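Novice: Structure, please.
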Amino acid sequence: MSASTPPRLTDRTALTRNRRRSREEALFLHDMAMDDIQDRLDMVNRSFTTPAVVTGQPQKWSALPGLPAPKIVADTEVLALEPGAHDLVIHAMSLHWADDPIGQIIQCRHALKPDGLFLAVMPAGRTLHELRAAMAEAEAQVTGGLSPRVAPMAELRDLGALLQRAELALPVADGAPFTASYATPLHLMRELRYMGEGNALDARLRRPTRRAVLMRAMEIYMESFGTDDGRIPATFELITLTGWAPDASQPKPLRPGSATSRLADALNAREVPLKD
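Specialist: Numbering: from 1, shown residues only. Reported below is the predicted structural model:
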């Protein structure tokens, strides 16, 4: 592996197999992501005519209200996107499995027309932090070691930096965690499987998890995070990235010292000089 080649995060064969096992009724994160994307598009005073969607769930993202049928693109290492062909590119719920997320975003930017819009939405941040903690502690106690079990979740600041590195204009990254409730940790794990979000890490153990590890993880989860009604919470956080392909028509930041009025005047505030 060369110094410029990112480390391999994902076993694509396992990821494809996991996605084929997904069930429509378990894809509520995709439903929430679609609602979020739709809200953002509604706030943009523009009609998009050539949208594209990068996704591992093509049946889910084949139509978005108010838009022409998008070109659906698999989230492979090299995206099947034509340079400068689209006024909207959405990377939908798959960037967290990318070996090279910055490369994915750059490819999307190259596919945009000038002043075209890039949107990405993915689970990140505090997603499944309870499960990650319980599994790690259980495995350490039972086996004395740790193995990769949940895809690493990027933080908001890091994802925002990717937009800047990809040279997208007016970059914004935002999101907020929310909590779902399950009867037991096993119910959560089963739903993750039906989401198509089972363990597809390339460095994962290639054998079933020991029963003793699973049972101890369930105990730790319930002891550490269980609620008064006997259920367990699971945190999810969807982060959305927004950026525009550079264009001369876009707003530019003012040069330092070029302001014609003072901020204190605009705020009707008293200006206090700093002491040396």
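
Novice: how about the strands in this protein?
Specialist: With DSSP state E as the criterion, the chain has strands at 51-55, 71-73, 86-92, 112-123, 169-182, 232-244.

Novice: and the fifth one, how far from the chain's centre?
Specialist: Spelled out, that is strand 169-182. Offset of strand 169-182 from its chain centre (C-alpha atoms, centre = their mean, to the nearest Å): 8 Å.

Novice: Please give me every residue in contact with His30.
Specialist: For His30, the contacting residues are Gln57, Lys60, Trp61, Ala92, Met93, taking C-beta atoms under 8 Å, 6 or more residues apart in numbering as the criterion. C-betas here are computed from N, CA, C, even on glycine.

Novice: so how far is Gln38 from the residue positioned nearest the centre of the chain?
Specialist: By C-alpha atoms, centre = their mean, the chain has its centre lying nearest to Met122, at 1.9 Å. Distance of Met122 to Gln38, given as C-beta to C-beta, to the nearest Å: 17 Å.

Novice: and if you look at Leu81?
Specialist: 22 Å.

Novice: same deal with Ala173?
Specialist: Taken as C-beta to C-beta, the span from Ala173 to Gln38 is 19 Å.

Novice: So which of the contacts of His30 wins on neighbours?
Specialist: Met93 (28 neighbours; other C-beta atoms under 10 Å).

Novice: just checking, that residue touches Thr55?
Specialist: Yes. With contact defined as C-beta atoms under 8 Å, Met93 counts as touching Thr55 (6.5 Å).

Novice: As a markdown table, the contacts of His30 with distance to Glu130 would be great.
Specialist: Listed next are these as a markdown table, based on distance: C-beta to C-beta, whole Å:
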| residue | distance to Glu130 |
| --- | --- |
| Gln57 | 25 |
| Lys60 | 26 |
| Trp61 | 28 |
| Ala92 | 25 |
| Met93 | 21 |
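
Novice: Excluding chain neighbours, give the residue nearest to Ile106 in space.
Specialist: In this structure, Ile106 finds its nearest non-sequential neighbour in Ala166, 4.9 Å apart by C-beta to C-beta, 6 or more residues apart in numbering.
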